[in-house]
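1. how does the following fold in three dimensions:
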Amino acid sequence: MMSKKKLCAPLLGATISLFVSSAVIAHHGPVTNPALYEADGLTEVEGVITDVFWQNPHPRFRVRVRDESNQEVTWELELGGSPISWGRQSLGAEDFPAEGDNVRAAGYLSRRDEYSMGVLHMLFPSGVELVNGNRELRWSDVRLTGTGQQLDSARVAAAESVARSIFRVWYRDADGTGAHPPPSDYTPMLTERGRALASTYDPVTQNPELECRQGMPGTMFDPVPMHIVDEGDRILIRVQEYDVERIVNMSTDAASPGTERTPLGYSVGRWDGDTLVVDTTQVDFPYIDPYGTPQSDQATYHETFTLAETGDVLNYALTVTDPEMFVEPVTLERPREWTHGVELVPFNCISEWAEG
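-> Below you'll find the predicted structure:
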């Protein structure tokens, strides 16, 4: 059996294809997430890229490797970040290795596939090295860097001219404490049934985001651009990740929610002074967060959206009431910053290498 700690050999090339079939299952989440990757040691591979998949949620490469028995093995190398986040650094697919290029990579093995890796280091043919985060260079003295995204001044001016109340694009948390509130803030309030269900959660097989699915309330805390749009008798909340679109019914004679349940539920809003208040029911989604904290079909949600006095921070709070899973209501809060001139772009998430 070959060693998984280092595989390096000249390999055969193949024709590039952006959409190819494979049994390899792609991942989602940070490539340093120990729930999805074996983060106790680096695996190293070297070979020729045969396919590139530059697609959300993460860019992926196939590399053909010869194992210790001189047998060809295809590895999948997954980068941290999405094409959108790389684009914010002014980096695109053309700035990365392509079909036929020999690359060297080191990273964490996937817990879902024995020939898949979350890349922490990748050495390009040019000698440039991609490094995930603030790690030290492994092989090179030249680090891959982008120029950063320069927002068009006209676009910024246009966004500022139409911004009013909460209706604009909001981005990362304004207090720097992270995107999703830590589970330690609310898991102590789980009921006995809630604790039992949480203990059986398997992030390798049960995380809906591995299938590009998201729902309430987790989508409201994703660290991605969120656009709140006034459409008169309804408010549209657009979240860039997974192309989520929530509808908040503002009309006093809005139709009742009926019996249909969806991942985003049925939302009714009203104004309390300058604060938007939203109540949501009929949610069909198993977890309140990315960590497998369960929720039941009894859960209801009460949200408030308040513009700070400075005019550039949105104070957001959400209270989940779920008597089956929590002994008392759970309140989650995160402020978001106004991002002048940033526009949402299609996410078009594809979890697996698609046939085409």
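2. when you work out contacts or count neighbours from here on, use the C-alpha atoms and nothing else.
-> Fine.
3. how far does the longest strand anywhere in the chain sit from its chain's centre?
-> Looking across the chain with DSSP state E, the single longest strand is strand 37-53. Centre-to-centre, strand 37-53 and its host chain are 21 Å apart (CA atoms, centre = their mean, to the nearest Å).
4. got the buried residues for it?
-> The neighbour-count check on strand 37-53 (16 or more other CA atoms under 10 Å) flags 37-39, 42-53 as buried.
5. and residue 118, what element?
-> strand 116-123 (DSSP states H and E).
6. an error on my part: the question was meant for residue 315.
-> strand 313-321.
7. shaky segments in the stretch 201-350 of the chain?
-> Residue ranges of the stretch 201-350 of the chain with pLDDT under 70: 254-255.
8. all strands for it, in order.
-> 226-230, 234-239, 244-249, 266-272, 275-281, 300-307, 313-321, 330-338 (DSSP state E, counting those that start in this stretch).
9. got TSV for the ones you listed, with mean neighbour count and distance to residue 150 too?
-> Below are the strands of the stretch 201-350 of the chain laid out as TSV (neighbours: other CA atoms under 10 Å; distance: least, CA to CA, whole Å):
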stretch	mean neighbour count	distance to residue 150
strand 226-230	20	19
strand 234-239	20	22
strand 244-249	19	26
strand 266-272	18	36
strand 275-281	19	32
strand 300-307	20	26
strand 313-321	20	22
strand 330-338	20	16
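10. kindly list the longest helix within the chain.
-> helix 153-162 (DSSP state H).
11. name the residues of that one that are buried.
-> In helix 153-162, counting by 16+ other CA under 10 Å, buried: residue 159.
12. what lies in contact with that helix?
-> 168, 340-342 (CA atoms under 8 Å, 6 or more residues apart in numbering).
13. quick one: average pLDDT of it?
-> For helix 153-162, mean pLDDT rounds to 86.
14. can we start the residue count at 16 from this point?
-> New numbering, starting at 16: the last item is helix 168-177.
15. quick check: what element follows that helix along the chain?
-> Once helix 168-177 ends, the next helix or strand along the chain (criterion: DSSP H and E) is strand 184-188.
16. report all helices and strands that that following strand contacts.
-> strand 241-245, strand 345-353 (3 or more CA pairs under 8 Å, 6 or more residues apart in numbering; DSSP states H and E).
17. can you list the residues that contact the longest one?
-> Same thing as strand 345-353. For strand 345-353, using CA under 8 Å, 6+ apart, the contacting residues are 183-190, 194-196, 201, 204, 236, 327-336.
18. follow-up on the earlier one: which of the helices and strands packed on strand 184-188 sits closest to residue 259?
-> strand 241-245 (9.4 Å; CA to CA).
19. against which helices or strands is that closest one packed?
-> strand 184-188, strand 249-254.
20. and the strand holding residue 133, C-alpha only, in PDB?
-> Output in PDB follows, covering the C-alpha atoms of strand 131-138 (Å, rounded to 0.1, in the frame of the first residue of the first chain):
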ATOM      1  CA  SER A 131      -8.400  14.300  -2.200                       C
ATOM      2  CA  MET A 132      -6.500  17.100  -0.500                       C
ATOM      3  CA  GLY A 133      -7.200  20.500   0.900                       C
ATOM      4  CA  VAL A 134      -4.300  22.600  -0.500                       C
ATOM      5  CA  LEU A 135      -2.100  24.600   1.900                       C
ATOM      6  CA  HIS A 136       0.900  24.900  -0.400                       C
ATOM      7  CA  MET A 137       1.100  24.700  -4.200                       C
ATOM      8  CA  LEU A 138       4.300  25.300  -6.200                       C
END
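21. run the angle between it and strand 52-68 for me.
-> 70 degrees (axes from the mean of the first three to the mean of the last three CA atoms, to 10 degrees).
22. next helix or strand past strand 131-138?
-> Downstream of strand 131-138, the next assigned helix or strand under DSSP H and E is strand 144-146.
23. in terms of secondary structure, what does that next one contact?
-> So strand 144-146, by 3+ CA pairs under 8 Å, 6+ apart, packs with strand 131-138.
24. can you give the contact residues for the strand it packs on?
-> So strand 131-138 is contacted by 39, 46-47, 52, 58, 90-95, 118-125, 144-147, 152-155 (CA under 8 Å, 6+ apart).
25. next one: it to chain centre, how far?
-> Averaged over its C-alpha atoms, strand 131-138 has a centre that lies 18 Å from its chain's centre (CA atoms, centre = their mean).
26. that one: partners in the sheet, and parallel or antiparallel?
-> strand 87-93 (parallel), strand 117-125 (antiparallel), strand 144-146 (antiparallel) (DSSP bridges).
27. quick check: closest non-adjacent residue to residue 228.
-> residue 257 (7.0 Å; CA to CA, 6 or more residues apart in numbering).
28. to clarify, my last question referred to residue 337.
-> Excluding the flanking residues, the one nearest residue 337 by CA to CA, 6+ apart is residue 314, at 4.3 Å.
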